[in-house]
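Peer 1: sequence and predicted structure below; questions after.
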Amino acid sequence: MSAVFPREEFSEQEVTYITEVDGRVIIVERVPARVSLTTGERLYSPETVERIQAIIWGQSPPERTVSAPVYEFSVASAS
């Protein structure tokens, strides 16, 4: 018996990439990605990944800084 996998469709989009480095949240806006229309999974080209790394590890000042609330999942009350 063989498994049948539906063909997944992707859309070229600009997304916001968020990561944490050394306890700091880093946000990179307008990142080109292929986004699955079914799952929302994001695929980045090798060149895009290299550019993200250069931005994160570079010494350039950010375009702007934002403040965000932080919640711990284990103590957050269920709605």
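Peer 2: Perfect, thanks for sending it.
Peer 1: which phi and psi does residue 14 have?
Peer 2: Per-residue torsions, residue 14: phi -100, psi 130 (degrees, to the nearest 10).
Peer 1: so which bits of the helix or strand harbouring residue 30 are buried?
Peer 2: In the assignment (DSSP states H and E), residue 30 maps to strand 24-36. By neighbour count with 16 or more other Cβ atoms under 10 Å, strand 24-36 contains the buried residues 28, 31, 33, 34, 35. Yep, even glycine has a C-beta here, placed from its N, CA and C like the rest.
Peer 1: and the most centrally placed residue in the chain, how close does it get to residue 57?
Peer 2: Centroid check for the chain by Cα atoms, centre = their mean gives residue 17 as the closest residue, at 3.2 Å. Using Cβ to Cβ, to the nearest Å, residue 17 is found at 14 Å from residue 57.
Peer 1: quick one, grab the pLDDT at residue 58.
Peer 2: pLDDT, residue 58: 93.
Peer 1: tell me how many other residues crowd it.
Peer 2: Residue 58 has 8 neighbouring residues, counting by other Cβ atoms under 10 Å.
Peer 1: what of residue 60?
Peer 2: By the measure other Cβ under 10 Å, the count of residues near residue 60 is 7.
Peer 1: how about the nearest residue to residue 63, chain neighbours excluded?
Peer 2: Of all residues not flanking residue 63 in the chain, residue 29 sits nearest, at 7.9 Å (Cβ to Cβ, 6 or more residues apart in numbering).
Peer 1: where along the chain do the strands fall?
Peer 2: Remark: strands assigned in the chain by DSSP state E are 10-21, 24-36, 42-43.
Peer 1: so for residue 51, which of those sits nearest?
Peer 2: strand 24-36 (8.3 Å; Cβ to Cβ).
Peer 1: and for that closest one, what's in contact with it?
Peer 2: 8-20, 41-45, 48, 52, 55-56, 63, 66, 68 (Cβ atoms under 8 Å, 6 or more residues apart in numbering).
Peer 1: quick one: low-confidence parts of this protein?
Peer 2: Along the chain, segments meeting pLDDT under 70 span 1-2, 5, 75-79.
Peer 1: 80 instead?
Peer 2: Scanning the chain for pLDDT under 80 picks out 1-6, 75-79.
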